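Enquirer: Just need the structure, nothing else, for what follows:
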Amino acid sequence: MLGFVRKGYITGKIIKEKIKLGIKSRQIIASSEYAKEIIAKDKLENRASKILPHIYKTPFTTIIFGNRVALISSIQENMILIIESAEYAKTQKSIFEALWDRL
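Expert: Numbers count the residues shown, from 1 in each chain. Modelled structure (predicted):
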C-alpha cells in the first residue's frame, strides 16, 4: 500500500483518525522487517496483528470495512478496486477469520 500512500500520511492522518474514533482493527501481514516495525506499534494504534509465514506472498492489500472490500495492488499493477457487496464482504470476513484462527 505504501506505493500509493506515503507512510507519513498513513501514520499522521489515517491512523490518528482511527485512534480518535476508537476504531480497533486486525491485520494479517506478510512476514518482513517492515511488518515487525508495524506490529511493534499495535497497542498504540488500536490494532492486533498476526504474521503470515514467509512462504506466502501477499502483493495485494485487502481491507474489509462494512459491506465493502478494498483490494489495493502494488504500484507495479497500479490498481485499487472497491467492491460493495454484503455477500462478498461476508465471504472475505469468513476467510479472514478462518486464517486468523489458524495463525
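Enquirer: At which residues are the strands of this structure located?
Expert: 25-30, 47-52, 61-65, 68-72, 80-84 (DSSP state E).
Enquirer: Let's have the ones you listed in CSV, adding mean pLDDT and mean neighbour count.
Expert: For the C-beta atoms, the positions are set from N, CA and C on the backbone; glycine is no exception. Converted to CSV, the strands of the chain look like this (pLDDT from 0 to 100; neighbours: other Cβ atoms under 10 Å):
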stretch, mean pLDDT, mean neighbour count
strand 25-30, 94, 16
strand 47-52, 96, 16
strand 61-65, 93, 15
strand 68-72, 94, 16
strand 80-84, 95, 11
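Enquirer: export those strands to a markdown table and tack on distance to residue 103?
Expert: Shown next, in a markdown table, are these (distance: least, Cβ to Cβ, whole Å):
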| stretch | distance to residue 103 |
| --- | --- |
| strand 25-30 | 7 |
| strand 47-52 | 4 |
| strand 61-65 | 15 |
| strand 68-72 | 20 |
| strand 80-84 | 24 |
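Enquirer: For residue 93, find the nearest of those strands.
Expert: Closest to residue 93 of the strands of the chain, according to Cβ to Cβ: strand 61-65, at 5.7 Å.
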